[in-house]
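In: return atomic coordinates for the entry below.
(chains A, B, C, D, E and F)
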Protein chains: 6
Amino acid sequence: MKLGFCAQNYSEKPLDEVCKMVADKGYEAIEIATYDGNGQCDSAEMLKDGKAKELRKMVESHGLFISALSNHADSLLILGPYGVDTDGIYKGTKEEKIKFGTESLLASAQLANELEVDVVIGFTGIENFGRYFPFPYAKGWEACENQFVELFLPILDKFKEYGVKFAVEPHPNNLIYDVHTAKRCISLVDNHPCLGINLDPANLIYLGLYVETFINELPDRIFAVHAKDGEIVKHNIGKGGILMQGEWGRLDRAFRFRIPGWGSVDWKTVITELAMIGYNGVLSYEHEDVTMSRADGVDKCMDFLKPLLIKAPYEGRTDKLFTI
Amino acid sequence: MKLGFCAQNYSEKPLDEVCKMVADKGYEAIEIATYDGNGQCDSAEMLKDGKAKELRKMVESHGLFISALSNHADSLLILGPYGVDTDGIYKGTKEEKIKFGTESLLASAQLANELEVDVVIGFTGIENFGRYFPFPYAKGWEACENQFVELFLPILDKFKEYGVKFAVEPHPNNLIYDVHTAKRCISLVDNHPCLGINLDPANLIYLGLYVETFINELPDRIFAVHAKDGEIVKHNIGKGGILMQGEWGRLDRAFRFRIPGWGSVDWKTVITELAMIGYNGVLSYEHEDVTMSRADGVDKCMDFLKPLLIKAPYEGRTDKLFTI
Amino acid sequence: MKLGFCAQNYSEKPLDEVCKMVADKGYEAIEIATYDGNGQCDSAEMLKDGKAKELRKMVESHGLFISALSNHADSLLILGPYGVDTDGIYKGTKEEKIKFGTESLLASAQLANELEVDVVIGFTGIENFGRYFPFPYAKGWEACENQFVELFLPILDKFKEYGVKFAVEPHPNNLIYDVHTAKRCISLVDNHPCLGINLDPANLIYLGLYVETFINELPDRIFAVHAKDGEIVKHNIGKGGILMQGEWGRLDRAFRFRIPGWGSVDWKTVITELAMIGYNGVLSYEHEDVTMSRADGVDKCMDFLKPLLIKAPYEGRTDKLFTI
Amino acid sequence: MKLGFCAQNYSEKPLDEVCKMVADKGYEAIEIATYDGNGQCDSAEMLKDGKAKELRKMVESHGLFISALSNHADSLLILGPYGVDTDGIYKGTKEEKIKFGTESLLASAQLANELEVDVVIGFTGIENFGRYFPFPYAKGWEACENQFVELFLPILDKFKEYGVKFAVEPHPNNLIYDVHTAKRCISLVDNHPCLGINLDPANLIYLGLYVETFINELPDRIFAVHAKDGEIVKHNIGKGGILMQGEWGRLDRAFRFRIPGWGSVDWKTVITELAMIGYNGVLSYEHEDVTMSRADGVDKCMDFLKPLLIKAPYEGRTDKLFTI
Amino acid sequence: MKLGFCAQNYSEKPLDEVCKMVADKGYEAIEIATYDGNGQCDSAEMLKDGKAKELRKMVESHGLFISALSNHADSLLILGPYGVDTDGIYKGTKEEKIKFGTESLLASAQLANELEVDVVIGFTGIENFGRYFPFPYAKGWEACENQFVELFLPILDKFKEYGVKFAVEPHPNNLIYDVHTAKRCISLVDNHPCLGINLDPANLIYLGLYVETFINELPDRIFAVHAKDGEIVKHNIGKGGILMQGEWGRLDRAFRFRIPGWGSVDWKTVITELAMIGYNGVLSYEHEDVTMSRADGVDKCMDFLKPLLIKAPYEGRTDKLFTI
Amino acid sequence: MKLGFCAQNYSEKPLDEVCKMVADKGYEAIEIATYDGNGQCDSAEMLKDGKAKELRKMVESHGLFISALSNHADSLLILGPYGVDTDGIYKGTKEEKIKFGTESLLASAQLANELEVDVVIGFTGIENFGRYFPFPYAKGWEACENQFVELFLPILDKFKEYGVKFAVEPHPNNLIYDVHTAKRCISLVDNHPCLGINLDPANLIYLGLYVETFINELPDRIFAVHAKDGEIVKHNIGKGGILMQGEWGRLDRAFRFRIPGWGSVDWKTVITELAMIGYNGVLSYEHEDVTMSRADGVDKCMDFLKPLLIKAPYEGRTDKLFTI
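Out: Below you'll find the predicted structure:
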């Protein structure tokens, strides 16, 4: 396993500068945003004139490699919500939003192909997450599933052509957010080889899900992993609950995203189960922690997580106590 | 405190029959549904020709009284979601839905006035509950709050005219669902005397909220209480999480509504804090428990909850150990 | 569900007397021991001259029915341990012990057939339970499994002829003691229709197993249920652990069998999951609780467990809130 | 075991009336206060003219018996605090307070002798409980222990003459308040046969003590038991802690005394361990619960605790499964 | 945040030597004792002839700064206990003790002014901590509060003149020991700007208080922080409880002070909430851990705590995912 | 305390190579296997021609010392099981196995004497661990104890002659596996000075034992300590329980051995209590962790455990706060 870094943590800086900084700190890989307007990497631009190759060379010049491309923002438009909720990403009719999201996601896949990167990460979105509750629209979830197949199956086939995999990040407010929905959606597209998971433990634990169960139940579908933690703020939970709304920075929040090791994720267990299923890829550190600077995070994530990464599987012992 | 019964548990039976049955079992009050098409009580009909008086007399003939009217289904239309999600309640444009919900809720209030019942219970609804999450629409929650003030303030003023209070049932998938949103909405309508809470513990606990904190923080706003429990199904939580979708009856559900005493609610604590704030009203039993028959529930709720209800506050002791 | 009674709790009294006593207390069914020398029911004797019919009539005369026969002691001999460990049950060579256990178990099945009782309960035994640990005999468990197939498959076929099912009681110190071994053994005999489980929660919880998971994983194999609880004695666990040896009555024991409701079993959860899989049979109370008299147990088990038994499955609600 | 009642719960009523009320409710024994000014029983008065006999006859006329006399208030004066802290009990110099407390306690013992009651209950007091902390007076606790021996040894010898035992109620703010101090003080008076414990679980649990460990460690010194519970109010603990000061009735208290079954005491465990050490006496219900009326308590204590009392020890089973 | 060191840990060594040692180990600040007879710093002496300046220069010569002065021992005399309990600090009548404590505390403030140090730390003391319990002296706590205002208000005004703040260390056995008493005392002196808190987590957790709640409730009153941990020794708690008396070194103690990271304090949570309220000062390591040498502590505290200190607040991210 | 290494972790490498590798990594001591066929150290061979001295010199040349010899495999034969279960260790009759085990253990002791090593570590074995359960052979455990005295007392006397101690490793599937059996066996051999414990926390925790209690109860019998951890795999426990059989590497195992810091052992508590009883020896790291390579373990154990080892006991503080 290796420790990577999400370049979008410092989207105000040029990619080159970010790569240099994190390589110096000991990070080994980088995840690059390719959604519209991310400020660091414009897919359309990069697909021109061999620029992708230059990008790759630049990354490698720092001793890093690109672990994945991120299309988090735009891919959300495909299943919605549409309307005012996503106008900040792209303003348009439902159909225009779907088209925009789809094209952006496919451009990321094409760029991944150019960059020889295996994985593009994104969200599925969902029209109204309130449909998790069977009232007042009992068939609401099924409707979303149908929409998923209709809109994503062609996308996945395109990914297959590019030789790239789509790693959905399970997250409340999306169609895929727990073990059941992840397995269900994979089965709805006939176990399409290009559909898998970007495991972000922080998004799972606040619903009570066991990250380790997620890993064990989808051993061949963990395409990428985010090193992000989430803190269930115990002394605030009584008033706000785990689904608390409001600004990330409010003092009385009952849930906050954190850097690895400062939240409720049991990283040794997560890393153990990743090792047990043979995952040997990158854990990519994303900073959404409102309690400390990104510079704090860069150091603390390295200090905490790097020594825990498992380098190789057990090769057995040869003595009598273990070979009878 | 008294033990009441939600007549809608047996909506396929006439009200008279339900009243007789539950009075025989020892229940002391009844909550009656008044939303459209509930099958037991049509507000428009009841407001004619002194029928409300007859209804009240019928209820009292069984030794019961009406604790509250329920407008759960229709009031949801006021803040939404609109569109297909609520077509099962009433099909129409957004404006038509708002109008329908508002009129139905006000009719309930008018009927409550006729029946000399203090409280009408309902939901607020919300256009898209996914807005609890600040991304992708950071101002989304505030937009819902503005809509709440615009649409509900006139309703609350009407309630005031009727001398009736509106008890919102906090519930995920609604604008009011935790301590913060409850206090916030009350403050947004300038502490309107007619806005309060129907405390349904089952809806709160699955978010990790403390029901006792809810009671302590809103001591003068608990207008009604539902005797409904919720089971966080521990051995299923790892895969499905507390926000699990899917049919209520599936074996692997991680959360189910239950009858009192069979879920995760600590009823002694809830009853204790209700007593501490001086609540001396009804706990109204609602059956949404998929694991057992309603007949099981009628008996088991009585067996479990009745002996726990606190009849009177502490009057002190007079001996030396307590009066120095 | 119904509450039953294990007649062997009072093996010093004649069956008739036990039936009378427990019927008076409100028990609805009886489980009868048929292993050698149990003092209440001799299989060989009962198979003569229509005596089985008389027995059944006697039981029914008290308003009871026979829920199952118990062959706990003798069936243990089939897989062992042999040698001195089981000389108290029957003294002989390994082969003689197997023969004795097999014949006793089959006599019970034959008697069940005569009595029109569906289920015979027993243990499997195991030659050396220490083989759960892969050292020093890595193939030890597999050897026991092979022995199980060899010795029990013919027995199960005989049961099939008698139209009787064999309910193994999972228990440490037996081949079947957790979910894995239960499913494994059923699969080893090709899902033989006569092999199932007598669920005794007390035997499971001290290993940390979830009784509810056991039920959910083997929904069509729960043939019988024992109402027995087990107390993990928290203040003693630090010194003795959950596998503590020594007399049942020692004050510092870290695990004790208890009557239902006085141990660590969560009975509402167990009953809920039994209801969810459609189990509608008997919970048969067995007294091995060293902290109180059997008379205490007879009353306390009835007080605690009877009101919790679920009588019928959920039939649904018909109102708008549940039928959209 | 039997369920008793502390007459001082209703000190404003005459003893006769209290006896009648609680006997009607099913209580079997009564504890009577004999400290100065208790309003129900004046030791000096009772020691005159055979009045003790009349009292006893009155109690027995209700089918009750006297389980113990209570000298809680006055005995506290013996070790203090003296000064203003105990002026409410008796105003005087340190020496006068000691004399008053000693004489009152001995008068209770004498009355117990007259009434043929085995046990007098009281506190030890302590000059300054802050001495539990070794700073700033490292020898402070030892000083209190010396004072205990000096003042209590003569009292215990007097008790011996009367054939009465002194049951100290362990309680923070007294010299005896945990297992160590209880055993230490008994050893300091050379295992005096008249020194033992009135076990009041509520006083123990808020320090984190295990009531069951207390019972197991002092099996022959549990002379009496109080049926009093204590609630560690979880949602208030973060601000106030378990040693919180302030009026008993404040809403945000982190610890409150409660009636049995409404606090943090695990009564089944307590009753189990009492049965295991052979305790077959009374559990005497004392009401200091500020959340409900005494009438609520009288009923709820009976409903909760009576069915749990263990009537007899295990007599064993005689079948093969238990006699090999 | 910075890691500091309490010089009194090595009171047998000269200050200069201590400063050298801890600066070499990476500590950044020093807290210096100024109570009578501390062996390292005599206030009266230091106030003469510019000696304060020399002291400061010496400290700075090691690259350290003085985070605070400590007047723990003497300030305790102001509210008591008086009498024998505090004779070890200063022998005298109540009035003499108050005078001594007051003058010592004010001398510390004067010296702080000379040294340009912001904060003096101390205790409040309390006459009898047993008054947390409302019996037998219901007005006892209020009496202590009155005494606090009378004796400390003039002191605080003097502090104001010196431009120095008084940081009380909440601690059982003192008037200020939880959130309620801290807020209450601040309000009793009309929010005097010079009264605040020296947060020592170890003193809080054994009462069950949440350190994070303390921080959140008094965001502008945390004047200093001690890096001291406390271990609730779980396997000893059943016998001794959290208020256990006896020597610090006894093996069966249920509570012990520990170095940071070896007790029950959740340091990441504490540091997080300190960061959230904008605390950017020193955490000063105090060694009262009886399980290991001070040299062990010096290293282990640095290893554990230094990497956790948060250097700067979150500055936000600028990409689309966070700026919509 | 020092960190040591079990040479048998790399039994496929020569001892010299292992010593070099671990010394380079910072380990300070080595434990060497001496059971038959261990591949690194043949007792018989070593007892010849001063070879022991050479071995010792080789070890010391790397800056290491030998903390103990390990006779785990062969010593197990002394109490069994015999038969097929231990044929992998040595094939023979019961008597032959006992003889082989005894001689191998004594050879280890003789070699320890030659090497000036204090301790030989081993197991006791047990004929059938199922005898922990009193049925069906109530006297079974006692029989094993008798056998222990008969076979081990002569061995211990021989150890005494050699001036070497025997450190039994408590482990389920052995006669000594908890506090009770450890103390019992020591008492059965009249507190023989040569019988003590090799504390391996991993073997204790899965039964729920408290390692710290073990240490506190046997303060003068902890002869050696293994640095081995055990993971109770929470998400697997419901199906498999803590006594789960099956290969160490199966994904759904509910218990696995782990390297220190990756399991359920609370190492700070263990190290604290070891320090409190004055243990100042070696913690010897043994790798049986199937989730990662031994190279991972060598580094991670050093990173995790070395900084936690306590170097010296508390020497006290000399200031007023601690010496009054």
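In: now the helices for the stretch 51-200 of chain A?
Out: Using DSSP state H, counting those that start in this stretch, the helices found in the stretch 51-200 of chain A span residues A:51-61, A:72-75, A:94-115, A:140-162, A:179-188.
In: so what's residue A:204 up against?
Out: Taking Cβ atoms under 8 Å, 6 or more residues apart in numbering or on different chains, we find residue A:204 in contact with A:170, A:178, A:211, A:214, B:241. Backbone N, C-alpha and C define where each C-beta goes, glycine included.
In: what is the nearest of these to chain E?
Out: residue A:170 (16.5 Å; Cβ to the nearest Cβ).
In: so for stretch A:75-87, what gets flagged as buried?
Out: A:75, A:76, A:77, A:78, A:79, A:80, A:81, A:82, A:85, A:86 (16 or more other Cβ atoms under 10 Å in any protein chain shown).
In: the residue of the stretch 201-324 of chain A found nearest chain E and residue D:270, how far apart?
Out: When scored by Cβ to the nearest Cβ, the stretch 201-324 of chain A has residue A:293 as its residue closest to chain E, at 3.8 Å. Separation of residue A:293 from residue D:270 (Cβ to Cβ, to the nearest Å): 53 Å.
In: tell me which of those two has more neighbours.
Out: Counted by other Cβ atoms under 10 Å in any protein chain shown, residue A:293 and residue D:270 do not tie: residue D:270 has more neighbours, with 24 against 18.
In: now do the same for residue A:224: helix, strand or coil?
Out: strand (DSSP: H, G, I helix; E, B strand; the rest coil).
In: can you check residue A:49 too?
Out: Strictly by three-state DSSP, residue A:49 counts as coil.
In: just to revisit the earlier point, of the buried residues of stretch A:75-87, which pair is most distant in space?
Out: A:75 and A:85 (15.0 Å; Cβ to Cβ).
In: returning to that earlier point: dump the helices of the stretch 51-200 of chain A into a markdown table; add distance to chain F and mean pLDDT as well.
Out: As requested, the helices of the stretch 51-200 of chain A are exported to a markdown table (distance: least, Cβ to the nearest Cβ, whole Å; pLDDT from 0 to 100):
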| stretch | distance to chain F | mean pLDDT |
| --- | --- | --- |
| helix A:51-61 | 27 | 97 |
| helix A:72-75 | 28 | 96 |
| helix A:94-115 | 31 | 98 |
| helix A:140-162 | 26 | 98 |
| helix A:179-188 | 11 | 98 |
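In: deepest-packed of those helices, please.
Out: Highest mean neighbour count of these: helix A:72-75, a mean of 28 (counted as mean count of other Cβ atoms under 10 Å in any protein chain shown).
In: stretch A:182-193 near chain B at all?
Out: No. Judged by Cβ under 8 Å from any Cβ of the partner chain, stretch A:182-193 stays clear of chain B, getting no closer than 9.0 Å.
In: C-alpha coordinates for whichever helix or strand residue A:212 is part of, PDB please?
Out: Assigned by DSSP states H and E, residue A:212 belongs to helix A:211-217. What follows is helix A:211-217, C-alpha atoms only, in PDB (Å, rounded to 0.1, in the frame of the first residue of the first chain):
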ATOM      1  CA  VAL A 211     -15.900  -0.200   6.700                       C
ATOM      2  CA  GLU A 212     -14.400  -3.600   7.200                       C
ATOM      3  CA  THR A 213     -17.600  -5.300   6.200                       C
ATOM      4  CA  PHE A 214     -17.800  -3.100   3.100                       C
ATOM      5  CA  ILE A 215     -14.300  -4.400   2.100                       C
ATOM      6  CA  ASN A 216     -15.000  -8.000   2.900                       C
ATOM      7  CA  GLU A 217     -18.300  -8.000   0.900                       C
END
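In: what does it contact?
Out: A:170, A:179, A:182-183, A:197, A:199, A:201, A:204-205, A:222, A:265-266, A:269-270, A:272-274, A:276-277, A:279, B:238-239, F:235, F:251-252.
In: hmm, which of the residues you listed are the buried ones?
Out: A:170, A:179, A:182, A:197, A:199, A:201, A:204-205, A:222, A:265, A:269-270, A:272-274, A:276-277, A:279, B:238-239, F:235.
In: which of these fall within strands?
Out: Secondary structure from DSSP state E places A:197, A:199, A:222 of the buried ones among the contacts of helix A:211-217 in strands.
In: how about the contacts made by the last one?
Out: This means residue A:222. By Cβ under 8 Å, 6+ apart, the neighbours of residue A:222 are A:196, A:197, A:199, A:215, A:274, A:277, A:279.
In: mind doing that once more with 7 Å?
Out: Neighbouring residues of residue A:222 by Cβ atoms under 7 Å, 6 or more residues apart in numbering or on different chains: A:196, A:197, A:199, A:215, A:277, A:279.
In: hang on, residue A:32 in a strand?
Out: Yes. The assignment for residue A:32 by three-state DSSP puts it in a strand.
In: ok, it touching residue A:69?
Out: Yes. Counting by Cβ atoms under 7 Å, residue A:32 touches residue A:69, with 5.6 Å between them.
In: now residue A:76: how far from chain B?
Out: 6 Å (Cβ to the nearest Cβ, to the nearest Å).
In: hang on, the earlier thing: chain neighbours aside, what residue packs nearest to the residue of the stretch 201-324 of chain A closest to chain E?
Out: Of all residues not flanking residue A:293 in the chain, residue E:312 sits nearest, at 3.8 Å (Cβ to Cβ, 6 or more residues apart in numbering or on different chains).
In: just give me the neighbour total for that neighbour.
Out: Neighbour count of residue E:312, defined by other Cβ under 10 Å: 13.
In: also residue A:307?
Out: Residues near residue A:307, counting by other Cβ under 10 Å: 11.
In: please report how far it lies from residue E:309.
Out: 19 Å.
In: and what of residue A:3?
Out: 22 Å.
In: next one: residue A:282
Out: 28 Å.
In: same check, this time on residue A:153
Out: Relative to residue E:309, residue A:153 is positioned 51 Å away (criterion: Cβ to Cβ).
In: nearest to chain B among the buried residues of stretch A:75-87?
Out: Using Cβ to the nearest Cβ, these come closest to chain B at residue A:85, 4.3 Å.
In: how about the residues of chain A by chain C?
Out: Residues of chain A lying near chain C by Cβ under 7 Å from any Cβ of the partner chain: A:135, A:136, A:138, A:321, A:324.
In: can you flag the buried ones in those residues?
Out: A:135, A:136, A:138, A:321, A:324.
In: residues touching the closest residue to the first one other than its chain neighbours, list them.
Out: Yep, that's residue A:135 we're talking about. Nearest residue to residue A:135, sequence neighbours excluded (Cβ to Cβ, 6+ apart): residue C:321, at 6.3 Å. With Cβ under 7 Å, 6+ apart as the criterion, the residues that contact residue C:321 are A:135, B:8, B:72, B:73.
In: mind doing that once more with 10 Å?
Out: A:135-136, B:8, B:11, B:33, B:35, B:38, B:70, B:72-73, B:76, B:89, B:286, B:288 (Cβ atoms under 10 Å, 6 or more residues apart in numbering or on different chains).
In: just to revisit the earlier point, I'd say the residue nearest to residue A:293 and residue E:275 touch.
Out: Yes. Between residue E:312 and residue E:275 there is a contact at 8.9 Å, judged by Cβ atoms under 10 Å.
In: hey, what's in contact with both of the two?
Out: Jointly contacting residue E:312 and residue E:275 under the rule Cβ under 10 Å, 6+ apart are A:292, A:293, A:296, E:1.
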